[in-house]
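> pasting the sequence and the predicted coordinates here, then a few questions.
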Amino acid sequence: MQTTVADLERAIRNVPDFPKPGIQFKDITPVLADAKLFSVAIDLLTERFKPGSVDAVVGIDARGFIFAAAAAVKLQAGFIPVRKKGKLPYDTFEQDYALEYGHATVAIHTDALKPGSRVLLVDDLLATGGTSAAAVALVQKLGGVILEAGFLIELKFLNGREKLVGIPVRSLVAY
C-alpha cells in the first residue's frame, strides 16, 4: 500500500486553543512518530531534486530543523540552521520580522553559505510568511540562490506565500 499526502494530512492532529484560545495548532508529532509517514514527507519535500543538485538545505528554528536535516542527508547536502537571535555561537547576520504583536529576529552564521550556493529552504509550516521571508533574506544576503521553499503544512488563509515573491513555494498539506 502506497502512503500518500492524504495519509500525511490524516496524521496531522488539530489541537484547539493551543498555545492560546482561538488558535488551531497543527501537531506534526504523529507524522514524526510514524517512520513511514516521516520518510514519505521527506521524499515528497525533496522529490524535485537529486543528490548533488542542492548545496545546502536551510532549516528554520525549530521544527523545520527536523525536516531540513533529514532532507539534507537524503540530498547529500549540508544542513544550515536559521535560529532565533542569540542561539548561534559564531558571528551572525540577523533579520527582523513582524509578528502579530511585536517583532522577532532570526540569525544565520556569516559563513554558512558560499555565494551561488543552491539552497532548498525547508520548514514545517508556512503561516503568515514572516519567518520564512526573514530566512530568505538571510540566505540571499549570503549570496545563496533559493531553488524552492518547501513546507509540510501551509495555512493558505494567512497568505504567507505572498511574502516569498520570486521563490517557488511547495507545500504538501494545505488548510
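Nice, thanks for sending it over. Numbers count the residues shown, from 1 in each chain.
> alpha carbons only for contacts and neighbour counts from here, please
OK.
> please enumerate the helices of the protein.
Assigned by DSSP state H, the helices in the chain fall at 5-11, 29-33, 35-46, 63-75, 130-141.
> which parts of the protein are strands?
With strands called from DSSP state E, the chain shows them at 13-16, 24-27, 56-60, 78-84, 92-99, 102-109, 118-126, 145-154, 169-174.
> paired strands for the last one, with orientation please.
Read it as strand 169-174. Strand pairing for strand 169-174, determined by DSSP bridges: strand 145-154 (parallel).
> residues of the partner strand that come out buried?
V145, I146, L147, E148, A149, G150, F151, L152, I153, E154 (16 or more other CA atoms under 10 Å).
> re the thing from before, the strands of the chain into TSV, with extra columns for mean pLDDT and distance to A133?
Output for the strands of the chain, formatted as TSV (pLDDT from 0 to 100; distance: least, CA to CA, whole Å):
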stretch	mean pLDDT	distance to A133
strand 13-16	96	25
strand 24-27	96	21
strand 56-60	98	11
strand 78-84	98	12
strand 92-99	94	8
strand 102-109	95	11
strand 118-126	98	10
strand 145-154	98	10
strand 169-174	98	12
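> quick one: A98 and S132 touch, right?
No - between A98 and S132 there is no contact under CA atoms under 8 Å: 11.4 Å.
> okay, these two: which has more neighbours?
For the pair A98 and S132, the greater number of neighbours falls to S132 (26 against 14), based on other CA atoms under 10 Å.
> please tell me how far the more buried one sits from R13.
Distance of S132 to R13, computed by CA to CA, to the nearest Å: 23 Å.
> pretty sure V169 sits against E162.
No - checked against CA under 8 Å, the pair V169 and E162 is beyond contact range at 9.9 Å.
> between these two, who's got more neighbours?
V169 (17 against 13).
> can you pull the contacts of the more buried one?
Counting by CA atoms under 8 Å, 6 or more residues apart in numbering, V169 makes contact with E148, A149, G150, F151, R161.
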